[in-house]
Each structure stands twice: as C-alpha cells, then as structure tokens.
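Novice: Got a predicted structure here, sequence first:
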Amino acid sequence: MNGKGSGGSGRGGGRYRNPCLTMHQPWASLLIHGIKRIEGRSWPAPLTGRLWIHAASKVPEPDTIKAMEKFYREIYAVDGVTDIKFPEHYPVSRLLGCVEIVGCLRSEELDGWEEVPQSVRLEAFPGFCWLCEKPQKLIVPFEMRGYQGVYNLENKIYEAAVRGLTAIKSPLPVKFPLPDPQNSLSLKPGSLMSSSSKASEVEKSKSVSAAIAGARAAATQFARKDETRSAIKEQKRETTKNQATPVADIPNRKTYNLRSKGRIQEENQAVNSEEKLMCVIEKTKTRIVVPHGSTKLIFKKKHEKV
C-alpha cells in the first residue's frame, strides 16, 4: 500500500543489480522506519533480497499522514505495542534506505497466516503483499529522481548509499517463518487457506475498524488524485495539440520583411535616385540614356551629375 506505479517491469528489464522502488510518502518512510512491514502492490514481487526505497516527489498532505499514523497506532495496539516513534519528517525526492524482501503472498494468504502477529495480518490490503524485514535507513537521504516499477540504482549512488546505512529497530520486529524447501512438512502460507476463515474473524474493535477504513480511504483518495492529475495533464496536451494549426491553413496570415536594414536603405536610395532622375528629365527635355545603377546622366550635348 501505496507506492508509485502499477507495473512490475520498471527500468532494468528484470535484471536487478541494486533494485530500487519509488513510493509515495508517508508510506515510504513508514516502511524504512520498520513500522510498515507489508508493502501492498497489484503485482507480485519480482525479486527477493535487498530493495532500496525512494520517496516520490509529491509532498504528503497532513490528513494523509494523520490517517496512516492512526492506522498503525491502532493495529500495533492489538499486539500490545503502544510506544511507536513515527518519523519526524517525510522527505520527498530522496533515497531513504532499504529493506529485505523475503517473500510475497496474496492478501488472503497473509490474512490467514496465524504464525505472524495480528498487526501484520491487519496490514493485508487487496492484492499482493511483499514481506519486508531488516529495515535500514540512510543517515543522510540522497536526493535523486525516481521511476515507475522496480529499477536499478546508478552505481555511483549505490556506492555512496551503501556506506551510509544504519539499522532500524522496529516497534515489533517480525521474522516471517518461510517454508523450508528441504522439508515438505514446513509451513507453507498457501496451505493455510483452510484456516483462513478463523483467522479472518479476529475481533476488531471499533477503533481498529475505523483506522483500517481511514487508511484505505487515504490510499484510495491518494490514487484518485494521481489519476485526476494525470487526466488533466493529458487533456492539456490534447488541447495544445489541437490548437497547433499549420501555417498554410491560416488565412490572411501576416508576413514579415526579413530583409536586412542595410539592404532596405540601399533600396530606398535607389528609389530616391530614380525620383531625382525624373526631375532632371522634366527640366532638360532632352533624350537621355540611363544605364541601370548609373550615378551619371548621359546627355547628347553635356554631362551633369545628379
């Protein structure tokens, strides 16, 4: 719940060296601070191992932060945890740190996984749940640009970031009991569907239910605003495109004289010379021959300069 983008292709073509995911705030910081342990997506995790987390450029609204902090206070209280230190700031356009992706489940599988704390199961939103452990944050977040999906960090950014990590203590650290591939009887979340109905019936107080509803509303509203913003941008692009009429299609279009100033002055001088020539002809009443561009008047009996 709630990242940036809706696809898993990203930059890197499936070959991830130092994979990174751009997420909106406040979800990005909540994940890096170990408060958020499940990253919900509409697509399954394309990897396991270290995943760098980058905060998108949109500044979170105070109501969104308030709703998400209330959500985590309420679900942690179900497990008896009341001391939660939320981030003091929710920076944007920054590389924040990293987590370990240890697995991926569908929300209904996580909802029925009794071997994990109830607060973790309450984080299960519809879609795919990326299981996150071992959060580490950067002492000094790096300013950088993000992309959609999972993409590779630039080498120079990775080399600088990996030296500036510090471990974070989660309010309730979780070690997901993943199945042992060498033991066919080990726990498999997918096999827990038979007990999912029981697990789903965890008693929820009114405050927990309200917090869950508020968190979902915040995520949904956030997504809708992004969709609306994208639609407005697309409409502006179409309007600009339609207004761009070709020059040939515009009637009575004004034209401009592109001749240089010197050329115009020369042409004006030529016009003045012709006018003077006509005056001389009128006065002398004599037949003359005027070569083009000549500065002299050629008469039968005498020469006279203009």
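Specialist: Perfect, thanks for sending it.
Novice: Quick one: mean pLDDT over the longest strand seen in the chain.
Specialist: If you go by DSSP state E, the chain has its longest strand at strand 128-143. For strand 128-143, the mean pLDDT works out to 96.
Novice: so what strands line up beside the helix or strand following it?
Specialist: The helix or strand immediately downstream of strand 128-143 is strand 150-152, counting by DSSP states H and E. Each strand paired with strand 150-152, and its direction, by DSSP bridges: strand 19-23 (antiparallel).
Novice: okay, the angle between the strand it pairs with and strand 128-143?
Specialist: Interaxial angle of strand 19-23 relative to strand 128-143 (axes from the mean of the first three to the mean of the last three Cα atoms, to 10 degrees): 90 degrees.
Novice: which of the residues in strand 19-23 are buried?
Specialist: Buried residues in strand 19-23, counted by 16 or more other Cβ atoms under 10 Å: 19, 20, 21, 22, 23. The C-beta positions use only the backbone N, C-alpha and C, and glycine is treated the same way.
Novice: What residues are bridge-paired with the last one?
Specialist: The one in question is residue 23. Applying DSSP bridges to residue 23 gives these bridge partners: residue 3, residue 55.
Novice: Where does pLDDT dip in the chain?
Specialist: Residues of the chain that meet the criterion pLDDT under 70 lie in 1-14, 180-204, 211, 221-306.
Novice: rewinding a little: in the sheet, which strands lie alongside the longest strand of the chain, parallel or antiparallel?
Specialist: Strand 128-143 pairs in its sheet with strand 38-41 (antiparallel), strand 94-106 (antiparallel), strand 165-167 (antiparallel), by DSSP bridges.
Novice: Output those strands as a markdown table; include the columns mean neighbour count.
Specialist: As requested, these are exported to a markdown table (neighbours: other Cβ atoms under 10 Å):
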| stretch | mean neighbour count |
| --- | --- |
| strand 38-41 | 22 |
| strand 94-106 | 21 |
| strand 165-167 | 11 |
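Novice: need those in CSV with distance to residue 112, can you?
Specialist: Below are the strands paired with strand 128-143 laid out as CSV (distance: least, Cβ to Cβ, whole Å):
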stretch, distance to residue 112
strand 38-41, 14
strand 94-106, 10
strand 165-167, 31
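Novice: Out of these, which gets nearest to residue 123?
Specialist: Among the strands paired with strand 128-143, the nearest to residue 123 by Cβ to Cβ is strand 38-41 (4.0 Å).
Novice: For the longest strand of the chain, list every residue counted as buried.
Specialist: For strand 128-143, a neighbour-count test (16+ other Cβ under 10 Å) marks 128, 129, 130, 131, 132, 133, 135, 136, 137, 138, 141, 142 as buried.
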